[in-house]
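**Q** how would this look folded up:
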Amino acid sequence: MQQKIVSNYEAAKELYAQHKIDVDRVLDQLSKIKISMHCWQGDDVRGFLNKDQALTGGISVTGNYPGAATTPDELRADLEKAFSMIPGKHKVNLHAIYVDTDEKVELDQIEPKHFQKWVDWSKAQGLGLDFNPTCFSHEKSKDGFTLSHPDPAIRQFWIDHCKASRKIGAYFGEQLGQTCVTNVWVPDGFKDVPADRMAPRQRLKDALDQVFEEELNPAHNLDAIESKLFGLGSEAYVVGSHEFYMGYGIQNNKLICLDAGHFHPTEVISNKLSSLALFTDGILLHVSRPMRWDSDHVVTLDDELIDIGRELVRGDLLGKTHIGLDFFDASINRVAAWVIGTRNTLKALLRAMLDPVEELRQAELQGDYTTRLALTEEFKSYPFGAVWDYYCAKQGVPVREEWLAEIKAYEKNVLLERNTLANSTK
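**A** The predicted structure is shown next:
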């Protein structure tokens, strides 16, 4: 390790120690946090079940940067490259369409065997897996309804798919020794004002009751449900609203997923964490950057991400919160997008852990808001970067922007070659 990195770290430790912050302990705590990195950034949410199927359900990926993964092996190679530049050991979040099998299989018939190669790879890499049923981009979801569909046969198809997905999630957890979070999101809704808001929600509730009917070992699988404010094609009404899922989740002991892009533009999920945590056993986060509502931009170290980190740390919520990422940008190098977003999420948590939380709390309790504000502002210029550099070096990953050169080399030697090969076979 470079001496300058070490000396900068030691100087930073002295500054933080003046406020009784044990930086070594903080880094040990940070090393235990797992971020669930979403696989769908690597291939623009296409998957491998039916790669020719157009994206639906309000999902749209813009850009045509070269090098998107076209096979499971390519996607896993890209994930490995990204993880080699991210400190810590983490998880991969899969959608059901990322099956890796030569067998022709439908969504309602998927089984653990169709994901065995993912399990074997994860074991070798020391990673965990999370899972999601894929209730979009399918012939049976083309009219915008799945679990709340008025046609019982179509509704049953999606119920069976979600049941199968839960069993796959439980298999992941059992095989890898890390609990799998299986998250259910459906795009169901109306473009214009419906005549009946109640009936679709009743159908969704009944469908979810059937999906979750079988008890699974919570050490292997935890169920989550995810709301949305509106979507493309469901601007007037979304069946699975925040209120619907908050009620269902609390009543049925399910994780409630808070996605940063699924609320009004003036809402932030950081402000919701302390309330929801009081009434639930756990929370699932989908960290994204909704530049224009749910536009799923690559996560940057902006004010909201920093506030999310602070709420998780100050509310002692890290032990009950599952942190996942959800963005897809095809206008830039896709592997770089993973690295930027995941490193920034970890940076936000580190910054929060390095805040003088106890001093701030005491000042607040004593009504000393001057001290509270002064410390908050002064700590913004404390040498958090020196601590981050040391952590990266200690974890054996590139320090600062050194990772960019590796990405550029990977792009030249691997990603661009994919496009060359694809063009030569046309």
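**Q** Could you measure from the residue lying closest to Glu174 once chain neighbours are set aside over to Val211?
**A** Spatial nearest neighbour of Glu174, chain neighbours left out: His220 (4.7 Å); criterion: CB to CB, 6 or more residues apart in numbering. Every C-beta, even on glycine, is put in place using the N, C-alpha and C of the backbone. When CB to CB, to the nearest Å is applied, the distance between His220 and Val211 equals 17 Å.
**Q** on that earlier part again, for the residue nearest to Glu174, what are phi and psi?
**A** When quoted as degrees, to the nearest 10, the phi and psi of His220 stand at phi -100, psi -40.
**Q** right, and it touches Ile168 too?
**A** No - applying CB atoms under 8 Å as the test, His220 and Ile168 come out as separate, 10.8 Å apart.
**Q** who has more neighbours, these two?
**A** Between His220 and Ile168, counting by other CB atoms under 10 Å, Ile168 is the more crowded of the two (27 against 19).
**Q** For the more buried one, give me its contacts.
**A** Contacts of Ile168 were listed using CB atoms under 8 Å, 6 or more residues apart in numbering, and they are Ala96, Ile110, Glu111, Pro112, His114, Phe115, Phe131, Thr182.
**Q** ok, 10 Å please
**A** Residues touching Ile168, when contacts are defined by CB atoms under 10 Å, 6 or more residues apart in numbering, comprise 94, 96, 99, 110-115, 118-119, 129, 131, 133, 180, 182, 221.
**Q** How far does the lengthiest helix in the chain sit from its chain's centre?
**A** Criterion DSSP state H: the longest helix present in the chain is helix 152-176. On the basis of CA atoms, centre = their mean, to the nearest Å, helix 152-176 is displaced by 20 Å from the centre of the chain it belongs to.
**Q** and the direction of the helix or strand just after that helix versus that of helix 152-176, what angle?
**A** Past helix 152-176, heading to the C-terminal end, the next element that is a helix or strand (DSSP states H and E) is strand 180-184. With axes from the mean of the first three to the mean of the last three CA atoms, to 10 degrees defining the directions, strand 180-184 sits at 160 degrees from helix 152-176.
**Q** could you dump strand 180-184 to PDB, C-alpha only?
**A** Below are the C-alpha coordinates for strand 180-184, written out as PDB (Å, rounded to 0.1, in the frame of the first residue of the first chain):
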ATOM      1  CA  CYS A 180     -32.300 -14.300  -0.700                       C
ATOM      2  CA  VAL A 181     -34.700 -11.300  -1.000                       C
ATOM      3  CA  THR A 182     -37.400 -12.100  -3.600                       C
ATOM      4  CA  ASN A 183     -39.100  -8.900  -4.700                       C
ATOM      5  CA  VAL A 184     -42.400  -8.700  -6.400                       C
END
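**Q** same question for it, mean pLDDT?
**A** Looking at strand 180-184 alone, the average pLDDT works out to 98.
**Q** which helices and strands does the helix or strand that comes right after that strand pack with?
**A** On the C-terminal side of strand 180-184, the closest following helix or strand by DSSP H and E is strand 189-190. In this structure, strand 189-190 packs against strand 237-238, with contacts taken as 3 or more CB pairs under 10 Å, 6 or more residues apart in numbering; DSSP states H and E.
**Q** Other residues contacting the strand it packs on?
**A** Surrounding strand 237-238, the residues in contact under the criterion CB under 10 Å, 6+ apart are 58, 186-194, 196-197, 200-201, 227-231, 244, 262.
**Q** That strand - which strands sit beside it in the sheet, and in what orientation?
**A** strand 189-190 (antiparallel) (DSSP bridges).
**Q** tell me the mean pLDDT over the strand it pairs with?
**A** For strand 189-190, the per-residue pLDDT averages 96.
**Q** so after that strand, what's the next helix or strand?
**A** Once strand 189-190 ends, the next helix or strand along the chain (criterion: DSSP H and E) is helix 198-211.
**Q** Which stretches in the stretch 201-350 of the chain count as strands?
**A** Assigned by DSSP state E, counting those that start in this stretch, the strands in the stretch 201-350 of the chain fall at 221-226, 237-238, 255-259, 283-287, 321-325.
**Q** tell me which residues of the first one are tucked away?
**A** Which is strand 221-226. Counting neighbours by 16 or more other CB atoms under 10 Å, one finds that the buried residues in strand 221-226 are Asn221, Leu222, Asp223, Ala224, Ile225, Glu226.
**Q** Would you reformat the residues you listed as a markdown table and include distance to Lys205 and pLDDT?
**A** Compiled in a markdown table, those are given as follows (distance: CB to CB, whole Å; pLDDT from 0 to 100):
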| residue | distance to Lys205 | pLDDT |
| --- | --- | --- |
| Asn221 | 21 | 98 |
| Leu222 | 20 | 98 |
| Asp223 | 15 | 98 |
| Ala224 | 16 | 98 |
| Ile225 | 11 | 98 |
| Glu226 | 15 | 97 |
